[in-house]
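Trainee: Pasting the sequence and the predicted coordinates here, then a few questions.
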Amino acid sequence: QVQLQESGPGLVKPSQTFSLTCTVSGASITTSRYAWSWIRQPPGKGLEWMGVITSDGRAFYSPSLKSRTSISRDTSKGQFSLQLSSVTPEDTAVHYCVRGNNWYFDSWGQGTQVTVST
C-alpha cells in the first residue's frame, strides 16, 4: 500500500523560499500511470492544486503559482519536492503531497503546516 509523507520547515519568513519533500513508500514514482502533485489548503479556504510531476519527470504548475514554484524529484530516494519562493503570509497553508491516476487523486499524505510569518 502506498504511503506519502511530507517533511519540511514549519515556519518561514516572508520573502524567503521554502522546500518540502514527499517521501513515497510502497510505490514507485516512475510508474507510468501515476503523477505526483502538491496541493495546499490555506486556513479557512479550499484546496488549491499547486503543481505536478509526472512519472517521466515533467513538471507542470498552476498558472497562479508558476513563477514561484518548482517541483523536482529524486527517483533513487523515491522522493519529490516542492520549492516556493518569495513567500508571503498568504502562502500559509497545510501542504499535501498526493498521488493521482488518470481520474482522481487516490493517495494523500497527512499534510504539513507551513506558516509564513516574521
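Mentor: Everything's here; your move.
Trainee: And the pLDDT at the residue positioned nearest the centre of the chain?
Mentor: By C-alpha atoms, centre = their mean, the chain has its centre lying nearest to residue 38, at 2.7 Å. pLDDT recorded at residue 38 is 98.
Trainee: I'd say residue 93 and residue 42 touch.
Mentor: Yes: counting by C-beta atoms under 8 Å, residue 42 is a contact partner of residue 93 at 4.4 Å. The way it works is simple: take the backbone N, C-alpha and C, and place the C-beta from them, glycine included.
Trainee: residues shared between the contacts of these two?
Mentor: By C-beta atoms under 8 Å, 6 or more residues apart in numbering, residue 93 and residue 42 have these common neighbours: residue 48.
Trainee: For those two, indicate the residue with more neighbours.
Mentor: residue 93 (22 against 14; other C-beta atoms under 10 Å).
Trainee: Tell me the residue in the chain that is farthest from the middle.
Mentor: Quick read of the chain (C-alpha atoms, centre = their mean): farthest out is residue 118, 23.1 Å.
Trainee: Distance check, that one against residue 17.
Mentor: 16 Å (C-beta to C-beta, to the nearest Å).
Trainee: So which residues of this structure form strands?
Mentor: Here the chain has its strands, by DSSP state E, at 3-7, 11-12, 18-25, 35-41, 48-54, 59-61, 69-74, 79-84, 93-100, 105-108, 112-116.
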